[in-house]
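J.: just a sequence and a predicted model for now, questions to come.
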Amino acid sequence: QVQLVESGGGLVEAGGSLRLSCAASGRTFSSYRMGWFRQAPGKEREFVSAVRWTDGITYYADSVKGRFTISRGNAKNTVYLQMNSLKPEDTGLYYCAATAGYSGAYYSLRAWDYWGQGTQVTVSS
């Protein structure tokens with residue numbers, strides 16, 4: 001099993017920045033992906049960003065490209081999401097996710113095996 005714990009959410013004004021962190025513990029894999037999804041009230045959970053751990057290839061939703069940056073920590077079990085130029089539509093519960101291997105579409109919920117509890121991000125206008 002893998003446990004994921006997010007931190008770094010909060011309330012920020014539009015145009016501001018936040019940095020989310022996700023720490024993983026438990027089982028380790030030789031190749032895996034870590035990523036972020038978000039869910040706004042009344043909406044489905046959606047893909048935000050992901051990174052392949054072995055080669056560092058990153059993926060972003062069109063809505064966050066150029067504003068958000070995903071990065072790996074020095075430790076093998078930490079991933080960050082730097083969010084700049086935040087907009088009110090970025091508001092939601094942000095979930096960290098992880099999965100072993102690289103099969104499955106990175107943007108699909110079904111491709112991910114492990115989930116954190118989420119951290120709230122609220123952007124005021």
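T.: On my side now, so go ahead.
J.: could you say which helix or strand holds the residue nearest the centre of the chain?
T.: Central residue of the chain (Cα atoms, centre = their mean): Trp36, 1.8 Å from the mean position. Element membership of Trp36 [criterion: DSSP states H and E] is strand 32-39.
J.: that strand pairs with which strands?
T.: Applying DSSP bridges, strand 32-39 is found paired with strand 46-52 (antiparallel), strand 92-100 (antiparallel).
J.: how about these in a markdown table, adding mean pLDDT?
T.: A markdown table is the format used below for those (pLDDT from 0 to 100):
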| stretch | mean pLDDT |
| --- | --- |
| strand 46-52 | 97 |
| strand 92-100 | 96 |
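J.: turn those into CSV, columns for mean neighbour count and distance to Tyr107.
T.: All C-beta atoms are positioned from the backbone trio N, CA, C, and that covers glycine. Below are the strands paired with strand 32-39 laid out as CSV (neighbours: other Cβ atoms under 10 Å; distance: least, Cβ to Cβ, whole Å):
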stretch, mean neighbour count, distance to Tyr107
strand 46-52, 21, 4
strand 92-100, 22, 11
